[in-house]
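**Student:** sequence first, then the predicted structure:
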Amino acid sequence: MTLRVACIGEAMIELSLQGEAAKVGVAGDTLNTAIYLKRCATAGLSRASEISRSAGPAGQRDPHGRALPSAQETTVAEAPSSDLQVDYVTCLGDDPFSGQIRDFIAAQGIGTDAIRTIPGKSPGLYAITTTEDGERSFTYWRSAAAARDVFQTGDGYDFSVLESYDVLYLSGISLAILPQPVRLALIDWLKDASQTLVYDSNYRPRLWEDQATAQQITRAMWARADIALPSIDDEMALFDETEAQVTARAQSLPGTGALKRGPTGPLSLGDPVAQSYPPAENVIDTTAAGDSFNGGYLAALLTGEPQAAALMAGHACAARVVQHRGAIIPE
Ligand code: ADP
């Protein structure tokens, strides 16, 4: 069985300024997760027959009663070339930078068929500059990015691009860049949708019109999410809560998932899991720690590994990423 996963959001052009020169890259939080999800799922395929023998969660259902794939459904023999098809869903323009983004995504083995082109539009852009004392600062040009129109058609909205997927992955950034009426229409559409919803609140205050709106949308997404992937720092900032308050609230969410807690490692949401997580030895750059955790965790969970193994897989993936510079580490 091939499980079709849509990662939805904004892929941007990244300029890393180095003296007079600039290196051009491609980045975005949900794209980072798509890349690590695809990589980890591909790497894990060789272990799938082992997993199927180790009492995977056969018949496991998400909190809305939808079937999650069992280990027994994902043996090598049954899987064609991959048991997870990962697509990226966004809008790009018809300029050369949009072409570069599309090529980059395809080169990662991620499907691009659901990426819509809007003639005359262009993608968002950000530049990274490094001060003399090594601090990095980010400047964004993204307010007119094509990705903001991902669900817009003329004067209405259309979510049918999501219909053919089994799993939808969205973040607080994917939601923040949409106009408020589109966010509300999407939440409404999700209420009746049968897809497994994965959500990471990834709070970036500058992208929201105000904190109250961010809280309203995030609450609605947590109430619907089958797999919740909050991180403690973002939730503390978004809801003005203490660590203890966030932990209690996360543990009362309806779905399964993980509360990400930096070097401490994740706290299991749903099934209780008692295990410790080794910290990374040589932390160089924590960019994309949360995104890569999500990729590693989902690759394991969606291919039938038990929650404890999925948490460890997410942590192991993120622990590798923080030992390299940049969001996407070499394969
Ligand atoms: P975010 O980037 O969303 O703020 P975190 O910083 O909580 O996310 O990191 C996500 C996950 O990455 C953590 O739960 C942990 O598993 C792993 N991680 C983060 N920092 C480290 C580290 N220094 N050593 C090992 N793992 C880490």
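**Tutor:** Received, thanks.
**Student:** tell me the mean pLDDT for stretch 178-193?
**Tutor:** The pLDDT scores in stretch 178-193 average 97.
**Student:** quick one: contacts of that stretch?
**Tutor:** 148, 150-152, 157, 159, 162, 168, 175, 197, 209, 213, 217, 220-221, 224 (C-beta atoms under 8 Å, 6 or more residues apart in numbering). Using the backbone N, CA and C atoms, a C-beta is placed for each residue, glycine as well.
**Student:** can you rerun that using 7 Å?
**Tutor:** Residues outside stretch 178-193 that contact it (C-beta atoms under 7 Å, 6 or more residues apart in numbering): 148, 151-152, 157, 159, 175, 197, 213, 217, 220, 224.
**Student:** could these be laid out in CSV, adding pLDDT?
**Tutor:** Below are the contacts of stretch 178-193 laid out as CSV (pLDDT from 0 to 100):
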residue, pLDDT
R148, 96
F151, 97
Q152, 92
Y157, 93
F159, 97
L175, 98
L197, 98
T213, 98
I217, 98
A220, 98
R224, 98
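**Student:** quick check, nearest of those residues to V322?
**Tutor:** L175 (25.8 Å; C-beta to C-beta).
**Student:** what strand or helix carries the closest one?
**Tutor:** Element membership for L175 (DSSP states H and E) is helix 172-176.
**Student:** can I get that helix in CSV, CA atoms only?
**Tutor:** Taking Å, rounded to 0.1, in the frame of the first residue of the first chain, the C-alpha atoms of helix 172-176 are listed here in CSV:
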residue,chain,number,x,y,z
GLY,A,172,1.4,27.4,11.7
ILE,A,173,3.4,29.0,8.9
SER,A,174,1.3,27.4,6.2
LEU,A,175,-1.8,28.9,7.9
ALA,A,176,-0.2,32.2,8.8
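**Student:** ok, it near the ligand or not?
**Tutor:** No - in terms of C-beta under 6 Å from any ligand atom, no part of helix 172-176 sits within range of the ligand; the closest distance is 10.4 Å.
**Student:** counting by contacts, list what that helix packs against.
**Tutor:** Identification of packing neighbours for helix 172-176 by 3 or more C-beta pairs under 7 Å, 6 or more residues apart in numbering; DSSP states H and E yields helix 211-224.
**Student:** is the very next helix or strand once past the helix it packs on in proximity to the ligand?
**Tutor:** Using DSSP H and E, the helix or strand that follows helix 211-224 in sequence is strand 227-228. No - Strand 227-228 lies out of reach of the ligand by C-beta under 6 Å from any ligand atom, never closer than 12.9 Å.
**Student:** so for strand 227-228, mean pLDDT?
**Tutor:** For strand 227-228, mean pLDDT is 98.
**Student:** can you check stretch 282-291 too?
**Tutor:** For stretch 282-291, mean pLDDT is 93.
**Student:** give me the buried positions along that stretch.
**Tutor:** 287-291 (16 or more other C-beta atoms under 10 Å).
**Student:** show me where the stretch 201-331 of the chain has its strands.
**Tutor:** Along the stretch 201-331 of the chain, the segments classed as strands by DSSP state E, counting those that start in this stretch run 227-228, 256-259, 267-269.
**Student:** can you list those in TSV and add mean neighbour count and distance to L186?
**Tutor:** Formatted as TSV, the strands of the stretch 201-331 of the chain follow (neighbours: other C-beta atoms under 10 Å; distance: least, C-beta to C-beta, whole Å):
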stretch	mean neighbour count	distance to L186
strand 227-228	26	17
strand 256-259	25	20
strand 267-269	20	23
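**Student:** the ones you listed: which one's closest to G28?
**Tutor:** Once those are compared by C-beta to C-beta, strand 227-228 is nearest, at 19.9 Å.
**Student:** give me the residue from the chain nearest the ligand.
**Tutor:** Using C-beta to the nearest ligand atom, the closest approach of the chain to the ligand is made by G290 at 2.1 Å.
**Student:** who's the closest spatial neighbour of that residue, skipping the chain neighbours?
**Tutor:** Nearest non-adjacent residue to G290, counting by C-beta to C-beta, 6 or more residues apart in numbering: S231, 5.0 Å away.
**Student:** so L17 sits in a strand?
**Tutor:** Yes - L17 forms part of a strand when assessed by DSSP: H, G, I helix; E, B strand; the rest coil.
**Student:** isn't it right next to Y126, touching?
**Tutor:** No - assessed by C-beta atoms under 7 Å, L17 is found out of contact with Y126, at 11.0 Å.
**Student:** the more surrounded of the two?
**Tutor:** Y126 (16 against 13; other C-beta atoms under 10 Å).
**Student:** so that one, which of the three states?
**Tutor:** Going by three-state DSSP: Y126 is strand.
**Student:** just to revisit the earlier point, now render the strands of the stretch 201-331 of the chain as TSV, adding distance to V26.
**Tutor:** Formatted as TSV, those follow (distance: least, C-beta to C-beta, whole Å):
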stretch	distance to V26
strand 227-228	26
strand 256-259	26
strand 267-269	31
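**Student:** any idea which of those strands gets closest to A34?
**Tutor:** strand 227-228 (15.1 Å).
**Student:** which bits of this structure sit near the ligand?
**Tutor:** Taking C-beta under 6 Å from any ligand atom, the part of the chain that reaches the ligand is made up of 231, 233, 260-263, 265-266, 277, 279-280, 283, 286, 289-290, 293, 315, 318-319, 322.
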